[in-house]
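[1] attaching a predicted model along with its sequence, questions to come.
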Amino acid sequence: MKKKLLVTISFMLLVNAAPMSVLADDIDQKIENQTKKIEDIIKSEKDAKDYLATLETEITTIETEYQTVLSEKQKHEKEMNKLNTDIANLETKIKKRNEQLRAQARTTQTNHEQESMLTVLLSAESFSDAITKAIAVNTLVTANNDILTAQKDDKKELDTLKISLTETLKSLEIKTEELEEKEAALAEAKLEQNVKINEIAANLASETAEKDKFVKQKEEAIKRKEAQLKAIAEEKKKEAQAKAIAEKQAKEQAEEQTKAKQAASAQIPEKEKLVTAPDTGTNDAVDNTQQAPTPPASSGGWSAPVANLTITSGFGGREDPTGISGSFHDGIDFGGASGTPIMAARSGEIVSANYSGMAGNHVVIKHDNGYYSYYLHMSSLSVSAGQSVSAGQNLGGMGTTGNSTGVHLHFSISTGLWSGFVNPAPFLGL
């Protein structure tokens, strides 16, 4: 009886254990599958973080190179400003000597020929009178020779300084091109990082409902990248077009000035040409910096700061071209060629004519109506703080100093000093 009961119990346990074994195998398989999925996700996350770390290192390297190039660019610009000051001082000395030589030439023309040493000696009333007159004549001749020698030396020094300035400008242009390339690489690397971060998030969320959201974010990041690169390309295209127009206008203006000078030279008496020392190159540089075209005026008493109003970037929100300027543009960018004359948009007082790492060479004017106007990234300055200027007066030349990727004028208007910026377009009738 006991044996039969034992067999019955054993059979019942065997029958009931079969489904439990199948269920356990199924759970183990699911655990194994889930564990594998988790391991795959962890591996993907590790790979993604490793890639992100590599990308961050590359971006840090590019940012360091950017700052180095920007520092070198700012150093060259400061040296260029000092060189311009030295040239201006030397030109003033030469101008004064020219006036002295012209005055002596007019005296010579009035008194006819200067008396010779022999005539002076023969006209002397006594031996002591002859010695006195001889010393006076010799002193005058020596003084004239000293003036001519100093004039020749200063002109030679001026030519040397101008050659040095030209070399500095060429070096600055090369540094600017390098800066543009570094900035473009930095912007593209940051955009790529944004895309990769969203791609990593999508991969890590592949087993959750978040996948679709991250995939969509990735697509939006790609669209933003394409839109930003397109905006940067369009801005560069506008700058190139504005530069071409400005260079053409500058060439035409230079030709007109040359014709005018040739016509004026033809009217100078031959005798005055022989007496007056030639001044090659000096006046050309002054004319180019001082002469500016008449800007178009608006109905509100404001006039355009440049003759050719080619807008490369407007006021308000925009894609950041450098990655450090922010997404809000507090002014209007006008394109043109290096050295294009920049004019005061309205009469007022210069409250700042200086250099800074971001604004470069810049001028700030306070106007009688309470507004301030700003002129940034200039190649050179023709005014100084405390000076009163009239509308249309030349402030300096267009450039790419400071935090700038190309030759342009950043023009702003505000209600307070470096605060309360407003859209300049309505003021200029744009």
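    Now that the structure is in, tell me what you want to look at.
[2] residue boundaries of the helices in the stretch 301-430 of the chain?
    Secondary structure of the stretch 301-430 of the chain (DSSP state H, counting those that start in this stretch): helices at 425-428.
[3] where does pLDDT dip in the stretch 101-250 of the chain?
    Residue ranges of the stretch 101-250 of the chain with pLDDT under 70: 104-124, 130, 133-134, 136-144, 183, 193, 200-221, 224-225, 228, 231.
[4] actually the stretch 251-400 of the chain, not the one I typed
    268-299, 319-326.
[5] mind listing the strands for it?
    For the stretch 251-400 of the chain, applying DSSP state E, counting those that start in this stretch gives strands covering 311-313, 316-317, 328-329, 332-335, 341-343, 348-356, 360-367, 372-381, 388-389, 394-398.
[6] now distance to residue 131 and mean neighbour count too, for the ones you listed, in CSV please.
    Using the backbone N, CA and C atoms, a C-beta is placed for each residue, glycine as well. Shown next, in CSV, are the strands of the stretch 251-400 of the chain (distance: least, C-beta to C-beta, whole Å; neighbours: other C-beta atoms under 10 Å):
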stretch, distance to residue 131, mean neighbour count
strand 311-313, 75, 20
strand 316-317, 83, 10
strand 328-329, 79, 16
strand 332-335, 70, 26
strand 341-343, 59, 26
strand 348-356, 57, 17
strand 360-367, 59, 22
strand 372-381, 55, 24
strand 388-389, 57, 15
strand 394-398, 56, 23
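[7] so which of those is nearest residue 93?
    With C-beta to C-beta as the criterion, residue 93 lies closest to strand 372-381 of the strands of the stretch 251-400 of the chain, at 19.9 Å.
[8] show me what that closest one is packed up against.
    For strand 372-381, the elements it packs on are helix 2-110, strand 348-356, strand 360-367, strand 394-398, strand 408-416, judged by 3 or more C-beta pairs under 8 Å, 6 or more residues apart in numbering; DSSP states H and E.
[9] now render the strands of the stretch 251-400 of the chain as TSV, adding distance to residue 180.
    As requested, the strands of the stretch 251-400 of the chain are exported to TSV (distance: least, C-beta to C-beta, whole Å):
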stretch	distance to residue 180
strand 311-313	14
strand 316-317	23
strand 328-329	18
strand 332-335	15
strand 341-343	22
strand 348-356	20
strand 360-367	15
strand 372-381	14
strand 388-389	32
strand 394-398	17
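[10] residue 73 is nearest to which of these?
    Nearest of the strands of the stretch 251-400 of the chain (C-beta to C-beta): strand 360-367, 9.2 Å.
[11] sorry, back to before: can you check which of the strands of the stretch 251-400 of the chain gets nearest to residue 99?
    Here strand 394-398 is closest among those (C-beta to C-beta), at 23.4 Å.
[12] need the residues that contact the closest one.
    Residues outside strand 394-398 that contact it (C-beta atoms under 8 Å, 6 or more residues apart in numbering): 246, 289-292, 306, 336-344, 361, 363, 375, 377-383, 389, 407-409.
[13] can you dump the C-alpha coordinates of that strand into CSV?
    What follows is strand 394-398, C-alpha atoms only, in CSV (Å, rounded to 0.1, in the frame of the first residue of the first chain):
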residue,chain,number,x,y,z
ASN,A,394,34.5,111.7,-41.6
LEU,A,395,35.1,109.5,-38.5
GLY,A,396,37.6,107.0,-40.0
GLY,A,397,37.8,104.0,-42.3
MET,A,398,35.8,100.7,-42.4
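[14] direction included, what does it pair against?
    Sheet partners assigned to strand 394-398 using DSSP bridges are listed as strand 341-343 (antiparallel), strand 372-381 (antiparallel).
[15] got the angle between the last one and strand 348-356?
    For the pair strand 372-381 and strand 348-356, the angle between their directions (axes from the mean of the first three to the mean of the last three C-alpha atoms, to 10 degrees) equals 50 degrees.
[16] now the angle between strand 360-367 and strand 372-381, please.
    Using the same axes, to 10 degrees: strand 372-381 against strand 360-367 is 140 degrees.
[17] output strand 372-381 in PDB with nothing but the alpha carbons.
    The C-alpha coordinates for strand 372-381 follow below in PDB (Å, rounded to 0.1, in the frame of the first residue of the first chain):
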ATOM      1  CA  TYR A 372      23.900 107.700 -28.900                       C
ATOM      2  CA  SER A 373      25.300 106.300 -32.200                       C
ATOM      3  CA  TYR A 374      28.000 103.700 -32.400                       C
ATOM      4  CA  TYR A 375      30.500 102.900 -35.200                       C
ATOM      5  CA  LEU A 376      32.500  99.600 -34.600                       C
ATOM      6  CA  HIS A 377      35.300  97.500 -36.100                       C
ATOM      7  CA  MET A 378      36.900 100.500 -37.900                       C
ATOM      8  CA  SER A 379      40.400 100.300 -39.500                       C
ATOM      9  CA  SER A 380      41.400 103.800 -38.300                       C
ATOM     10  CA  LEU A 381      40.100 106.700 -36.400                       C
END
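[18] quick check: the nearest residue to residue 410 once chain neighbours are set aside vs residue 233, distance?
    The shortest distance from residue 410 to any residue other than its chain neighbours is 3.9 Å, reached at residue 376 (C-beta to C-beta, 6 or more residues apart in numbering). Going from residue 376 to residue 233 by C-beta to C-beta, to the nearest Å gives 23 Å.
[19] many thanks, I have nothing further to ask.
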